[in-house]
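A.B. asks: structural data only, the sequence is not supplied:
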């Protein structure tokens, strides 16, 4: 079983009945893998080997990889070499009987050995070349016999072996197989459970991939935790349901590669590389289901378990094995002493929380109580217990809290508590990102709950979930919609948002090298990020469409939103194909995208990018430069549209569009510089205008010639800007005296300034000349209220109305709350 050959978290396992079926496992040796011609000996280990009279079973292997040598190290009475028969080159029969093992004799005495006992060793010579692998198994069914086990008290009935507890022994020539160890977990319907994935035999691996499969009717995908123990393993390494194409419910794909230029990464055996968190579905109660590495991804037969290392410049066939996991779901109608936990409201990283453990509705006359609690130690770090409220005190055992397990035990006089009373609290620091942590009572037959010192009724727990508010990651904005012709230079600005107390950042950039080529000499510009130099860029893969950036701050760096940190420039090759459009984007290959901040405890807060689209245009054509202009709300402004490199142009058609709710087209001014320019206003009032012209002889205009103006009434939200663009639909078309061309455009912008409007003036004249009882009131709109009024009277008045006025003029000045304030005087 996996607990024999793997170093796992110490927990409380389910106990097995005294007469359970025995388990027999074959355990490969620890250490370097044996090579061709060398001997390898494996332990045969048992559990629940109680009162056994006789055993008869096969051991099987691939005879092209291993050749049977001998057996030895016998630890059962009456066992010797004669108990082993080599049936053929790949099958060994084990046939043993105790000294007094006649099953038909009621006085026969069987043999009992401790769990984990090695009852013998089986040895082989390695035949296969580097990487050749075989499973060594005890088949649950085989011809001519299935495992035949006789036990005292069972007569001559074959009790068999517990095949669900058998882990396959995987042996590989000259190189250790790559083994994924999947933990066993438990919970109740609706609970969050997180399953550990640990690795064995990760020796200088350069890549691996495998599919994970479970019963989608019993649990649904929630999230992945990455404890940062494996370099370059990121969220993008996982294909999850609903996000990755072809990944069905009940499956997740895992794909990893070592970062370049590393030649491979090694990890100690039993290193946790990630956790898969699932939500147990309604209807899953009282069931158990496996979590396994599949032979292939459902619906994607090409995606199979694979691993590679750097042997002979890349060996891609390292054997991949597993210790499968299992999820046990609590009973449908649980009984026992009711307990619950209250995980409280969501909280943030580095906060301190305490989870109260509460009495249920039947906590009456309790005299004995003992159980285990479990949480995710990558998210929560145990700090202690408090507020104990059982007489005489509670005995806690914190020895395994580093692995997320705490035990409690209490006994005393009969004690009752009301429903919801706090029995004690378990306290934690929130240390991890990536998701929530379950807080679970481990509900099994070892739990103890006694009423008035009576029989053990067990516990009936209700678990909870500590919700962790995830911090906003860094957003990287890359200049979008760049266009150019072969030979042109495209420069992309990289600007950041949410860049707060950043200690380090790394990412990869991917692009199509046939479309844009990075300029090695001078392609890095405007590098303003503190401590960053050209040396922080990895340019070895630039010719193949990859650039990396890896930077550590001299001290934590905070930048305002929108701050540019550098510019990268590319040249469009002379032979680039016009009409091609592609993306410059952040990728996780060859290095994962990662941002570490002072408050993230060394964990990745994430890096999100805005993919930057670029297009290659024909060498012929012209530039359409849409200007920028601003004006006050409700004003009318005219936006100039200019042309450049307009030489030998014989025709063109294009459409401009904008937000019609914010900009209302008043007119198009045509100065006549393009003879026969047709202006199609059929797109009004929905926000576009069509333009086309024909000049068969070819037309030339000086650079920055104003081709026309668009005049808009400004109706949109004040202090806002609105784009005016060339539409992609329909595609612009240009012809030249040399053939087809392209239209290169720079978008325009119309910005609206706020202002104050005097909507109404209400005047009440004097009732009699000289009476001084006149008044005036003004009604204002625009800007940001409340408004500030100043009437030039004696004394000054400061409301929206002035009193005690005489016949004549009075001046009022109004300010708003803008910074600087808007002003109107009347």
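C.D. replies: Good, I have the coordinates. It should be emphasised that the depicted structure is a prediction, and the values quoted were computed from it without experimental measurement.

A.B. asks: in terms of secondary structure, what does the strand ranked longest in the chain contact?
C.D. replies: The longest strand of the chain (DSSP state E) is strand 688-701. In terms of contacts (3 or more Cβ pairs under 8 Å, 6 or more residues apart in numbering; DSSP states H and E), strand 688-701 is packed against strand 646-657, strand 678-680, strand 705-714. To be clear about C-beta, it is placed using only N, CA and C from the backbone, and glycine gets the same treatment.

A.B. asks: note down every partner strand of the longest one and its orientation.
C.D. replies: Note on strand 646-657: by DSSP bridges, its sheet partners are strand 688-701 (antiparallel), strand 720-726 (antiparallel), strand 733-736 (antiparallel).

A.B. asks: do the same with the last one
C.D. replies: Note on strand 705-714: by DSSP bridges, its sheet partners are strand 636-644 (antiparallel), strand 663-669 (antiparallel).

A.B. asks: the second one now?
C.D. replies: With DSSP bridges as the criterion, the sheet partners recorded for strand 678-680 are strand 688-701 (antiparallel).

A.B. asks: now the strand it pairs with: buried residues?
C.D. replies: Neighbour counts over strand 688-701 (16 or more other Cβ atoms under 10 Å) mark 688-691, 693, 695, 699, 701 as buried.

A.B. asks: model confidence over that strand, on average?
C.D. replies: Strand 688-701 carries an average pLDDT of 95.

A.B. asks: make JSON lines from the helices and strands packed on strand 688-701 and add mean pLDDT, mean neighbour count and distance to residue 247 to it.
C.D. replies: Conversion of these to JSON lines gives the following (pLDDT from 0 to 100; neighbours: other Cβ atoms under 10 Å; distance: least, Cβ to Cβ, whole Å):
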{"stretch": "strand 646-657", "mean pLDDT": "95", "mean neighbour count": "20", "distance to residue 247": "38"}
{"stretch": "strand 678-680", "mean pLDDT": "94", "mean neighbour count": "13", "distance to residue 247": "47"}
{"stretch": "strand 705-714", "mean pLDDT": "96", "mean neighbour count": "19", "distance to residue 247": "48"}
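
A.B. asks: the helices in the stretch 1-150 of the chain, which residues?
C.D. replies: For the stretch 1-150 of the chain, applying DSSP state H, counting those that start in this stretch gives helices covering 2-5.

A.B. asks: got any ranges where it has weak pLDDT?
C.D. replies: Along the stretch 1-150 of the chain, segments meeting pLDDT under 70 span 1-19, 142-145.

A.B. asks: hmm, residue 132 is touching residue 175, no?
C.D. replies: No. Counting by Cβ atoms under 8 Å, residue 132 stays clear of residue 175, with 9.6 Å between them.

A.B. asks: neighbour count winner among the two?
C.D. replies: Neighbour tally, residue 132 and residue 175, criterion other Cβ atoms under 10 Å: the higher count belongs to residue 175, 23 against 20.

A.B. asks: and that one, which of the three is it?
C.D. replies: Following DSSP: H, G, I helix; E, B strand; the rest coil, the label given to residue 175 is coil.

A.B. asks: and the strands paired with strand 705-714, which is most packed in?
C.D. replies: Ranked by mean neighbour count, the strands paired with strand 705-714 are led by strand 636-644 with a mean of 18 (mean count of other Cβ atoms under 10 Å).

A.B. asks: hang on, the earlier thing: need the strands paired with strand 646-657 in a markdown table with distance to residue 586, can you?
C.D. replies: Formatted as a markdown table, the strands paired with strand 646-657 follow (distance: least, Cβ to Cβ, whole Å):
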| stretch | distance to residue 586 |
| --- | --- |
| strand 688-701 | 33 |
| strand 720-726 | 25 |
| strand 733-736 | 33 |
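
A.B. asks: nearest to residue 779, of the ones you listed?
C.D. replies: strand 720-726 (24.6 Å; Cβ to Cβ).

A.B. asks: just the buried residues of the closest one, please?
C.D. replies: Under 16+ other Cβ under 10 Å, the buried positions of strand 720-726 are 722, 724-726.

A.B. asks: now these in JSON lines, with pLDDT and distance to residue 548?
C.D. replies: As requested, the buried residues of strand 720-726 are exported to JSON lines (pLDDT from 0 to 100; distance: Cβ to Cβ, whole Å):
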{"residue": "722", "pLDDT": "93", "distance to residue 548": "38"}
{"residue": "724", "pLDDT": "95", "distance to residue 548": "38"}
{"residue": "725", "pLDDT": "92", "distance to residue 548": "33"}
{"residue": "726", "pLDDT": "93", "distance to residue 548": "35"}
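
A.B. asks: pick the one among those residues closest to residue 224.
C.D. replies: residue 725 (39.2 Å).

A.B. asks: could you list which residues are in contact with the spatially closest residue to the closest one that is not a sequence neighbour?
C.D. replies: Residue nearest to residue 725 in three dimensions, not counting chain neighbours: residue 747, with 4.8 Å by Cβ to Cβ, 6 or more residues apart in numbering. Contacts for residue 747 were tallied using Cβ atoms under 8 Å, 6 or more residues apart in numbering; they are 481, 626, 723-726.

A.B. asks: among those, which two are most distant?
C.D. replies: Every pair of these checked by Cβ to Cβ; the farthest is 481 and 724, at 13.7 Å.

A.B. asks: excluding chain neighbours, what is closest to residue 26?
C.D. replies: Leaving out its chain neighbours, the residue that sits closest to residue 26 by Cβ to Cβ, 6+ apart is residue 169, at 4.0 Å.

A.B. asks: these two touch, right, the one you found and residue 136?
C.D. replies: Yes. Counting by Cβ under 8 Å, residue 136 is a contact partner of residue 169 at 4.3 Å.
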